[in-house]
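Participant: have a look at this prediction, sequence included:
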Amino acid sequence: MLYKIEGEDGVFEKIEPVEFKDFSSFGKLEKDLENLIAQNILDVLFEEAKLMPVFQERQWQSEADIYALNEKGDLVIFELKRASAGYDAVQQALRYAQDSSQWSFQKLQNKYQDYTKSEQSLENAHSEAFSLEHELTPKEFNRKQHLVIIGSAADDSLITAVDYWKNSGVSIEFLPYRVYELGGERYLEFFAPPYDKHRNPNDVKGVLFDTNRSWDEECIWLMMEKSRLEAYGDAKRFVTHVNVGDIVFYSHKGYGIVAAARVKGEVKAPDNETLYRDVEFLTPRVCKNIPLKYMSFAKVAEFTGKSFFWARTIKVPYLNKLEALELLSELKKYL
């Protein structure tokens, strides 16, 4: 809940609750909520969680809104409700979970490949995403299903229904959201488990950022030459998730971390497909005609003690300032 603090002469005297709304208040559809969550599920809403989106609902199909895999290969099923939904919404989600529990590995892989427009095998994509030493076997996928219901914080009937099934042993969680309208701007309040832990956006952080090698082999050389952090196409939004002062580590697919820089510029858009920020390099810039020196992904994970989600342009979890400076110091030994 959001409260406005009121008082006089610098003394806080009382708090007043701020009115909140849900997506239906603005004429938005559940698809709008679904897309918003799907596009931000890893890097903003679930900073410390490790989930690999594998599928989204198709129009006119009896499916949940978002399907994802965790590190163990379990299927995590998201059902989103823009307004009051109640008991029937949970019943619907339970049916989706029951249906998906019968999916063969091949069916799950087909859905993933259709969703990503890729021919990469699900075992390989999952192994890369979670930096696993060994790929899971097909039999290890989808052995368990976990339900996550996202709905309005004011939907008491939905909360009661989720609590009932949770107390009955079903793996189900309710994540409430609220929408506030303040000064003509709209704000989403979202509660991520287990303690709604999020970094303060004003804190300096360390971010492992992909060089977009899969998009274009030449991207890395452009970023080095022009002192930029850049992303393209559907991934360009990730540039907005780093701030001035953040330390970025350039993650080059097939190698490891090849350079580091400090963000110093605001977001710029040279064209419709590109966003970038200017940076100041803290390590030597790599050159096209010189063999790459790098710190391998395995060494990065070993040194930081973290298991990164390598499949995205921006890797999670983030590093705090001290962790970033320590990694920078270690990286310089390799470069």
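Facilitator: Alright, I've got the coordinates.

Participant: need phi/psi at S168.
Facilitator: phi -90, psi 0 (degrees, to the nearest 10).

Participant: meant to ask about A298, not that
Facilitator: Per degrees, to the nearest 10, the backbone of A298 is at phi -60, psi -40.

Participant: mind checking how far it is from V207?
Facilitator: 19 Å (C-beta to C-beta, to the nearest Å). The C-beta positions use only the backbone N, C-alpha and C, and glycine is treated the same way.

Participant: swap in D278?
Facilitator: Taken as C-beta to C-beta, the span from D278 to V207 is 16 Å.

Participant: more neighbours: which of those two?
Facilitator: Neighbour totals were compared for D278 and V207, and V207 leads with 23 against 16 (other C-beta atoms under 10 Å).

Participant: confidence score at the more buried one?
Facilitator: Here, the pLDDT recorded for V207 equals 93.

Participant: pull the contacting residues for it.
Facilitator: 241-242, 246-249, 314-315, 318-319 (C-beta atoms under 8 Å, 6 or more residues apart in numbering).

Participant: got those as a markdown table, with secondary structure and pLDDT columns?
Facilitator: Putting these into a markdown table (DSSP: H, G, I helix; E, B strand; the rest coil; pLDDT from 0 to 100) gives the following:
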| residue | secondary structure | pLDDT |
| --- | --- | --- |
| H241 | helix | 86 |
| V242 | coil | 90 |
| D246 | coil | 95 |
| I247 | strand | 96 |
| V248 | strand | 97 |
| F249 | strand | 97 |
| I314 | strand | 84 |
| K315 | coil | 85 |
| Y318 | coil | 87 |
| L319 | strand | 92 |
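
Participant: nearest to D74, of these?
Facilitator: K315 (21.5 Å; C-beta to C-beta).

Participant: that closest one contacts D210, correct?
Facilitator: Yes - contact criterion C-beta atoms under 8 Å: K315 and D210 qualify, at 7.4 Å.

Participant: hey, what's in contact with both of those two?
Facilitator: In contact with both K315 and D210: S251, using C-beta under 8 Å, 6+ apart.

Participant: next helix or strand past the lowest-mean-pLDDT helix or strand in the chain?
Facilitator: Across the helices and strands of the chain, mean confidence by mean pLDDT, DSSP states H and E is lowest for helix 30-40: a mean of 66. Counting by DSSP states H and E, the element after helix 30-40 in chain order, helix or strand, is strand 52-56.

Participant: and for that following strand, what are the contacting residues?
Facilitator: Residues outside strand 52-56 that contact it (C-beta under 8 Å, 6+ apart): 34, 38, 41-42, 63, 65-70, 108, 111-112, 114-115, 122, 125-126, 129-130, 309, 311.

Participant: how far away is the residue lying closest to K315 once chain neighbours are set aside from K268?
Facilitator: Ranked by C-beta to C-beta, 6 or more residues apart in numbering and with sequence neighbours excluded, the top spatial neighbour of K315 is L208, at 3.8 Å. Counting by C-beta to C-beta, the gap from L208 to K268 is 22 Å.

Participant: what's the answer for C219, then?
Facilitator: As for C219, its distance to K268 is 16 Å (criterion: C-beta to C-beta).

Participant: picking that back up, neighbour count: L208 and K268, which is higher?
Facilitator: Ranked by neighbour count (other C-beta under 10 Å), L208 and K268 place L208 first, with 27 against 13.

Participant: measure how buried the nearest residue to T274 once chain neighbours are set aside is and give me the count.
Facilitator: Using C-beta to C-beta, 6+ apart and skipping residues adjacent in sequence, the residue nearest T274 is Y232, 5.4 Å away. Summarising burial for Y232: neighbours were counted as other C-beta under 10 Å, giving 17.

Participant: give me phi/psi at Y232?
Facilitator: Here is the backbone geometry of Y232 (degrees, to the nearest 10): phi -140, psi 160.

Participant: OK, contacts around it?
Facilitator: Contacts of Y232 (C-beta under 8 Å, 6+ apart): 212, 215-216, 219, 273-274.

Participant: most neighbours, which of those residues?
Facilitator: N212 (24 neighbours).

Participant: bridging residues for E8?
Facilitator: V11 (DSSP bridges).

Participant: for the contacts of Y232, give me TSV that also has distance to E79.
Facilitator: Formatted as TSV, those follow (distance: C-beta to C-beta, whole Å):
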residue	distance to E79
N212	33
W215	32
D216	37
C219	37
E273	33
T274	35
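
Participant: which ones among those residues are found in helices?
Facilitator: C219 (DSSP state H).

Participant: out of the contacts of Y232, list just those in strands.
Facilitator: Among the contacts of Y232, the residues falling in strands (DSSP state E) are T274.

Participant: identify, from the contacts of Y232, the entry nearest to G256.
Facilitator: N212 (15.6 Å).

Participant: if we ignore the residues flanking it in sequence, what's nearest the closest one?
Facilitator: Nearest to N212 is C219, by C-beta to C-beta, 6+ apart, at 4.4 Å.
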